[in-house]
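S.K.: Predicted model and sequence below, questions to follow.
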Amino acid sequence: MVSFQKLLHMALASMLTVTWIVTAAGCGSSTRTAGDAGIVDDGAPDGGDLDGDGDGGNHDDCLPAYPAGATDVSIESGGARRFRLYVPASLGTQPPRALVVALHGGGGEGLNTSEPGQHPLAVFRDVADREGLVVAFPEGTVALDGKLGWTDCRADNLMASGADDVAFLRAVVARLRADYCLPATRVFMTGTSNGGQMTFAFAANATEDVAAIAVSSANLPENPLPGPCTAGPSRPIPVLFTHGSADPAMPFLGGCVANLGGNCARGRVIGAEATRDAFLLLNGLSSTWTSTETVEVDPDDPGTAERFVHDGVAPVEWWRLNGAGHPPPSLTVTVAPAPVIGAQNHDIEFAETAWAFFEARLPD
């Protein structure tokens, strides 16, 4: 076992406090019992195809679990928690192709993030309508600043509620996997800002429960909690990033998160490039990209969107949004610029970009 921190220092001459451990490559799955985190054991390992229809699951006994549209669902996890599930009417009686779990940011709109036009993450509803997905929008807990947020891997985040959000998200995923008879190979997680940091935390603590992740405006912690948050994911995991180079809330070069009071109460993060490099090492990928492109749709936004792909079994796709700030990039949902968040990129649609990355990871 080789220290992630040592490898990163050797490869990039970076002085980071992240100490993820690089393990042998391989994405083997394991059968989980009905008593393990609430996941129903269907008698086959994740990715098995019990009914022979090639979709990776057993749907013979699965009826539509929820009505079409948006449904608020309560779940017990250290107290009453809830999530909003969007089911496209086009799904009918067919099983969904995938489950996407979308996490709002800190201080965000909570369940209202799912409302059309409210947030770029709501565009996943349009994707679901077209592609036959179900999308879960879980709700965080009230942090010490009185706003909704997530308890992620930052050991120095003094504002976090302390809720066991990994357990909550495990419960959400377990319930929907059981309801829809979905293998973990069809479960994806995405988030923005604090929701992106929570996505990292889930990937580290529950690697076996998610096939790939996509984050916007989120960096790894400089001072991670001990255990999985320090060790990192237990296997290479495909990941897509977007990040504005002028993000004042989640600093592109690293530093204090949303440091409004000047006391760094929300903890410190490493930079966007260092975060990318951490996953390159975890996934056993070269620091040299295999392909790149530049996208310019809106000449009036802060700058171009540059895509860098590091291909492999567990690829890394990294988007640098030149001159952009903190909001997720979108072509259809506009976030007004402000000093604390900067200006939004309008060259790509985050939800569409993330889904394209997820779809390429679906089993045949």
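M.R.: Thanks, I have the structure now.
S.K.: Any stretches of the stretch 1-150 of the chain with poor pLDDT?
M.R.: Along the stretch 1-150 of the chain, the model assigns pLDDT under 70 to residues 1-61, 63.
S.K.: burial count for residue 79?
M.R.: 9 (other Cβ atoms under 10 Å). C-betas here are computed from N, CA, C, even on glycine.
S.K.: Distance-wise, check it relative to residue 154.
M.R.: In this structure, residue 79 and residue 154 are separated by 22 Å, where distance is defined by Cβ to Cβ, to the nearest Å.
S.K.: Point to the residue nearest the middle of the protein.
M.R.: The centre of the chain sits closest to residue 190, judged by Cα atoms, centre = their mean, with a distance of 2.7 Å.
S.K.: tell me the phi and psi of that one?
M.R.: Note on residue 190: its backbone torsions stand at phi -140, psi 160 [degrees, to the nearest 10].
S.K.: Which residue, other than its chain neighbours, is closest to it?
M.R.: The shortest distance from residue 190 to any non-neighbouring residue, by Cβ to Cβ, 6 or more residues apart in numbering, is to residue 214 (4.4 Å).
S.K.: and that neighbour, that's in a strand?
M.R.: Yes. With DSSP: H, G, I helix; E, B strand; the rest coil as the criterion, residue 214 is located in a strand.
S.K.: I'd say it and residue 192 touch.
M.R.: No. In terms of Cβ atoms under 8 Å, residue 214 does not count as a neighbour of residue 192; the distance is 9.7 Å.
S.K.: list the residues that contact both of those two?
M.R.: Counting by Cβ atoms under 8 Å, 6 or more residues apart in numbering, the common neighbours of residue 214 and residue 192 are residue 350.
S.K.: quick revisit: now the residue nearest to the centre of the chain: how far from residue 208?
M.R.: The separation that residue 190 has from residue 208, given Cβ to Cβ, amounts to 18 Å.
S.K.: again with residue 111
M.R.: In this structure, residue 111 and residue 208 are 27 Å apart, going by Cβ to Cβ.
S.K.: quick one, what contacts residue 128?
M.R.: By Cβ under 8 Å, 6+ apart, the contact set of residue 128 is 86-88, 100, 134-135.
S.K.: go with 6 Å
M.R.: Under the criterion of Cβ atoms under 6 Å, 6 or more residues apart in numbering, the contact partners of residue 128 comprise 86, 88, 135.
S.K.: Pretty sure the last one sits against residue 88.
M.R.: Spelled out, it's residue 135. No. The pair residue 135 and residue 88 fails to qualify as a contact (Cβ atoms under 6 Å) at a distance of 8.9 Å.
S.K.: Specify which residue of these two has the higher count of neighbours.
M.R.: The neighbour comparison of residue 135 against residue 88 (other Cβ under 10 Å) goes to residue 135, with 26 against 20.
S.K.: What segments of the stretch 51-200 of the chain are helices?
M.R.: 123-131, 165-180, 194-205 (DSSP state H, counting those that start in this stretch).
S.K.: Of those, flag the one that's most buried.
M.R.: Mean neighbour counts were taken over these using mean count of other Cβ atoms under 10 Å, and the top value, a mean of 28, falls to helix 194-205.
S.K.: Next, the angle strand 212-216 makes with it.
M.R.: 150 degrees (axes from the mean of the first three to the mean of the last three Cα atoms, to 10 degrees).
S.K.: So what touches helix 194-205?
M.R.: Residues from elsewhere that reach helix 194-205 (Cβ under 6 Å, 6+ apart): 103-106, 149-150, 152-153, 166, 169, 189, 191, 213, 215-216, 218, 228-229, 232-233, 237.
S.K.: Cool, thanks, signing off.
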